[in-house]
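Asker: dropping a prediction and its sequence here:
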Amino acid sequence: MKAFHYTALGADGRRHRGLSYAAEAATLRDRLVDARLHPLAIRPALLQHQGQLRLSEAEAARLGRDLAQLMTSGMALAQALSLLEARETPRVSAIAREVRQRLIAGEPLSKALEVAGGTPARFLQALARGGETSGRQSEVLAAGARSLTATDQLKKRLTTLCIYPAFVILVAFGSIAIYAYAVLPSLEPAFEGMGGDIPAQTQAVLTFGAVVRLLMPILGLMAGGLAIALTLSSHVRRIGGDLVARLLMRGKRSPMRDFVFANLSSRLAVMLQAGVPLAPAWRLAREPVTIASLSRALAAQDERLMEGVRLSEVLRRVPGCPPDLIHYVLMGEQSGQISKALNDGSASLASRAQEAIERLLSVLTPLVIIVVGGMVGLITMMVFQGLLAVGDAVAM
């Protein structure tokens, strides 16, 4: 679907402006007419392309929670979606509209939700399939919404923690760029004609500035091209995201690995609590995993679970699975409370991932400040040594 800005005239003579999603402008026009609005202007929004609408964790959590609440009150699913169309943001409203139309056409909720893209949307689809399997749709959606909310809060917390170090690093690059483009070029004429009398360290600083001025535009163009490719191509985003995730999952105590397996165990706990058998619950819980190598490793365990192999033994065969999660699952199998054990393991892994990132950033931020301050001070000292050498040459 595409995004359109529209201006329409209401029955009361007032102008209505807004953003809406539709396959074509004609579809939006007909929809406005059905709402008793006279379209005056419909134009495509900038920087968009045809494709699936994506849900964030917060939007998916709100959609699942609201649907569960309305269904619990006795409202039919199509009626609940119709109500949400008028309450949600334009993107979520468009998704709710398409889902409702598919439901009316006879599709189940899990199939109808395929109009939305992204990992949170895939989790909603898995929740819907779990609800259809267990017959407890509202309970599954409510539990899944809580899981999505916890994931969203953790992501926002980690993003907030990364803002200050990112700002410091940008300031560091800005300081180096200012020295390379403004300070050093203005001092180079003072060293002309000195030949080999310039101190070696000062010459090194001048050479460093020349290299930075040569490479920075090239790096800037490469970064801009990469940003454009990531913005316009979902294939590039998928490949880049998988590569970055695989790099971040290296190491025995990778926060990224803890974060991914925390989400997996949380989803699996939701399915088991809803009464979905272990093997189907595993398939539904692993579907939203987008890291290609890990997704293949998880999918390879489907048949073993169908054969009755215990979950703890299956997790041992998954490369990179945190030993703590295996321990929680093993204790849950022995106590008969595997869903609670999965929830506890998920909370433990998520907490450890956040703690590891906080610890890393608490060391990285002052380290970057010290390195940048040292570089600026060293460059300044070397430049002044060259200026003193110029002064001595003039005095002689």
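Answerer: Yep, it's here. Numbering: from 1, shown residues only.

Asker: let me know the pLDDT of the nearest residue to residue 88 once chain neighbours are set aside.
Answerer: Nearest non-adjacent residue to residue 88, counting by CB to CB, 6 or more residues apart in numbering: residue 96, 6.2 Å away. For glycine as for every other residue, the C-beta is placed from the backbone atoms N, C-alpha and C. In the prediction, the pLDDT value recorded for residue 96 is 87.

Asker: so residue 96 is in which element?
Answerer: Remark: residue 96 resides in helix 90-104, with elements defined by DSSP states H and E.

Asker: any idea how far the helix or strand just after that helix is from the chain center?
Answerer: Beyond helix 90-104 on the C-terminal side, the first helix or strand identified by DSSP H and E is helix 109-112. How far helix 109-112 lies from its chain's middle: 24 Å, per CA atoms, centre = their mean, to the nearest Å.

Asker: can you dump the C-alpha atoms of helix 109-112 in CSV for me?
Answerer: Below are the C-alpha coordinates for helix 109-112, written out as CSV (Å, rounded to 0.1, in the frame of the first residue of the first chain):
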residue,chain,number,x,y,z
LEU,A,109,-7.0,-14.0,11.4
SER,A,110,-3.5,-15.6,11.1
LYS,A,111,-3.7,-15.4,7.3
ALA,A,112,-5.3,-12.0,7.3
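
Asker: after it, which helix or strand is next?
Answerer: Next element after helix 109-112 (DSSP H and E): strand 116-117.

Asker: give the other helices and strands that that following strand contacts.
Answerer: The contact analysis (3 or more CB pairs under 8 Å, 6 or more residues apart in numbering; DSSP states H and E) places strand 116-117 against strand 53-54.

Asker: which other residues reach the strand it packs on?
Answerer: Outside strand 53-54, the residues that touch it by CB atoms under 8 Å, 6 or more residues apart in numbering are 1, 21, 91, 94, 95, 115, 116, 117, 118, 121.

Asker: CA atoms only: put the helix holding residue 96 into CSV for me.
Answerer: Extracted C-alpha coordinates of helix 90-104, given in CSV (Å, rounded to 0.1, in the frame of the first residue of the first chain):
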residue,chain,number,x,y,z
PRO,A,90,-3.1,5.9,9.8
ARG,A,91,-0.7,3.0,9.3
VAL,A,92,-2.3,0.7,11.9
SER,A,93,-5.8,1.8,10.7
ALA,A,94,-4.9,0.8,7.2
ILE,A,95,-3.7,-2.6,8.4
ALA,A,96,-6.8,-3.1,10.5
ARG,A,97,-9.0,-2.2,7.5
GLU,A,98,-7.2,-4.8,5.2
VAL,A,99,-7.3,-7.5,7.9
ARG,A,100,-11.1,-6.9,8.4
GLN,A,101,-11.7,-7.1,4.7
ARG,A,102,-9.8,-10.4,4.5
LEU,A,103,-11.7,-11.8,7.5
ILE,A,104,-15.0,-10.9,5.7
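
Asker: so which bits of that helix are buried?
Answerer: Buried residues in helix 90-104, counted by 16 or more other CB atoms under 10 Å: 91, 92, 93, 94, 95, 96, 97, 98, 99, 100, 102, 103.

Asker: ok, now stretch 347-362?
Answerer: So for stretch 347-362, counting by 16+ other CB under 10 Å, buried means 348, 349, 350, 352, 353, 354, 356, 357, 361.

Asker: among the residues you listed, which lie within helices?
Answerer: The members of the buried residues of stretch 347-362 that map onto helices under DSSP state H are 348, 349, 350, 352, 353, 354, 356, 357, 361.

Asker: so which of those would you say is closest to residue 165?
Answerer: Closest approach to residue 165 among these (CB to CB): residue 361, at 5.4 Å.

Asker: ok, the closest one to residue 88 distance?
Answerer: Distance of residue 361 to residue 88, given as CB to CB, to the nearest Å: 35 Å.

Asker: again, but for residue 217
Answerer: Using CB to CB, one obtains 44 Å as the distance from residue 217 to residue 88.

Asker: of the two, who's got more company?
Answerer: residue 88 (19 against 9; other CB atoms under 10 Å).

Asker: my guess is that one is in a helix, correct?
Answerer: No. With DSSP: H, G, I helix; E, B strand; the rest coil as the criterion, residue 88 is assigned coil and is not in a helix.

Asker: could you check the pLDDT of it?
Answerer: Per the predicted model, pLDDT is 76 at residue 88.

Asker: wait, doesn't it sit right on residue 82?
Answerer: No. Between residue 88 and residue 82 there is no contact, the gap being 11.5 Å when judged by CB atoms under 8 Å.

Asker: touching both of the two, which residues are there?
Answerer: Joint contacts of residue 88 and residue 82 (CB under 8 Å, 6+ apart) are residue 96.

Asker: re the thing from before, from the ones in helices among the buried residues of stretch 347-362, pick the one nearest residue 265.
Answerer: So of these, ranked by how close each gets to residue 265 (CB to CB), first place is residue 349, at 7.2 Å.

Asker: check contacts around that closest one.
Answerer: If you count contacts by CB under 8 Å, 6+ apart, then residue 349 has 258, 259, 261, 262, 265, 322, 324, 325 around it.

Asker: rerun at 7 Å
Answerer: Contact analysis of residue 349 by CB atoms under 7 Å, 6 or more residues apart in numbering lists 258, 261, 262, 322, 324, 325.

Asker: check what pLDDT the closest residue to the third one other than its chain neighbours gets.
Answerer: Put plainly, it is residue 262. Nearest residue to residue 262 in three dimensions, chain neighbours excluded: residue 349, at 3.8 Å (CB to CB, 6+ apart). On the pLDDT scale, residue 349 is placed at 89.
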